[in-house]
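Undergrad: What shape does this take:
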Amino acid sequence: MHLKLILANLPKFKHLEKSEAVGQLQAILDELGYDIGRSGVDKIYGKATKKALEKFTETGQIKKNGSIGVHTLAALTAPITVTPPPIINTEGYVPLSWEKKKHPERKKWSAFVFKMVDFYFDDSFTACEDITRFRRDYHSLNRQQKINVWGELISAVCKFESGWDPTSRMTETTMNIDPVTGRQVESEGLMQLSYQDKRNYRRNKRIKCQFDWKKDKPLFEKNPRDPNITILNPYYNLEFGIGILANQIKKRKKIALTKSKYLYWSVLKDGGRYSKVDKIIAYVEKLKL
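TA: Coordinates of the predicted model:
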């Protein structure tokens, strides 16, 4: 078992955040032989802990002076949950359009999306120049309301990409073979991503992708719509997709673009054959804040 899997469901900590979860992470890294700084397990996510975590996630290895101790063993033997609990309190947020009475699980999707948008907000989403095209009163809103707007935009993109079906899959007949799967490229999950995308964004340390074809292949061969397939996990799919969107906003300053090489989703291409820009705007404008 690859040891980095023990950290698969940990949240993204903020600089100098102090919590029990940070302390648990530090205890694991310390046992595995990674330098977490002079303060040791102080439950504070400082530069040393961040650096140690980044080194561990790159290799998943035990250092020569490390071992699988009680903290690491507990993480390895704990049950792995495909559906993580809500990461933030949704109090004060307006429900997103994908939240329906028949789909109570989508409230957790919303909580996760708000958390991800908040993570990228200051150094990415705030740089967007065409956001008022999607929400005319955007600049009069407070931070929480703005995050809510981005959440609805992401929900709307998912609507026109996957119909809010986390097991959605479409074979891309105009694309080549996916070098990861050895199969024709397929767009999958809520945000219609592919396994090869993980390679394409591997150099961007802020974009996280937990897709694992080696783990998924036997599941796919038995049931291609198995919800345990990592690329179909709504949280893994949203995590990676929102990272891609944040990267686009940071570099291009816009949501809708005209050139495909700068844009991931065809539904956001201005003037494109599959453009849904106007319909996405309608969803975002209707959000009652």
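Undergrad: for the protein, what spans make up the strands?
TA: For the chain, the strands defined by DSSP state E occupy 169-171, 186-188.
Undergrad: for the chain, what helix or strand is lowest in average pLDDT?
TA: helix 70-77 (a mean of 58; mean pLDDT, DSSP states H and E).
Undergrad: still on that earlier bit, tell me which of the strands of the chain lies nearest to residue 61.
TA: strand 186-188 (30.0 Å; C-beta to C-beta). All C-beta spots, glycine's among them, are computed from the backbone N, C-alpha and C.
Undergrad: Need the residues that contact the closest one.
TA: For strand 186-188, the external contacting residues (C-beta atoms under 8 Å, 6 or more residues apart in numbering) are 161, 168-172, 178, 193-194, 231-232, 237.
Undergrad: Return the alpha-carbon coordinates of stretch 265-275 using CSV.
TA: The C-alpha trace of stretch 265-275 is given here as CSV (Å, rounded to 0.1, in the frame of the first residue of the first chain):
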residue,chain,number,x,y,z
TRP,A,265,-14.7,23.3,-20.6
SER,A,266,-16.4,23.8,-24.0
VAL,A,267,-19.5,25.1,-22.2
LEU,A,268,-17.5,28.2,-21.3
LYS,A,269,-16.2,28.9,-24.7
ASP,A,270,-17.6,32.1,-26.2
GLY,A,271,-19.1,31.4,-29.6
GLY,A,272,-18.3,27.8,-29.4
ARG,A,273,-20.4,25.0,-30.8
TYR,A,274,-21.2,23.6,-27.3
SER,A,275,-21.2,27.0,-25.5
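Undergrad: avg pLDDT for that stretch?
TA: Taken as a whole, stretch 265-275 carries a mean pLDDT of 94.
Undergrad: The strands of the chain: which one's closest to residue 150?
TA: strand 186-188 (21.9 Å).
Undergrad: which regions of the stretch 151-289 of the chain sit below the pLDDT cut-off?
TA: Low-confidence segments of the stretch 151-289 of the chain, defined by pLDDT under 70, are absent.
Undergrad: repeat that with 90
TA: In the predicted model, the stretch 151-289 of the chain carries pLDDT under 90 at residues 173-176, 202-206, 260-261, 289.
Undergrad: Return the closest of the contacts of strand 186-188 with respect to residue 143.
TA: Using C-beta to C-beta, residue 237 is the member of these that lies nearest residue 143, at 25.5 Å.
Undergrad: most packed of the strands of the chain?
TA: Neighbour counts (mean count of other C-beta atoms under 10 Å) averaged over each of these peak at strand 186-188, with a mean of 21.
Undergrad: Report the distance from it to the chain centre.
TA: Mean-position distance between strand 186-188 and its chain equals 16 Å (C-alpha atoms, centre = their mean, to the nearest Å).
Undergrad: Could you do stretch 36-51 as well?
TA: Put simply, stretch 36-51 sits 25 Å off its chain's centre (C-alpha atoms, centre = their mean).
Undergrad: mind listing what the residue nearest to residue 99 when sequence neighbours are not counted touches?
TA: Once flanking residues are discounted, residue 99 sits nearest to residue 106: 4.9 Å by C-beta to C-beta, 6 or more residues apart in numbering. Taking C-beta under 8 Å, 6+ apart, we find residue 106 in contact with 96, 98-100, 164.
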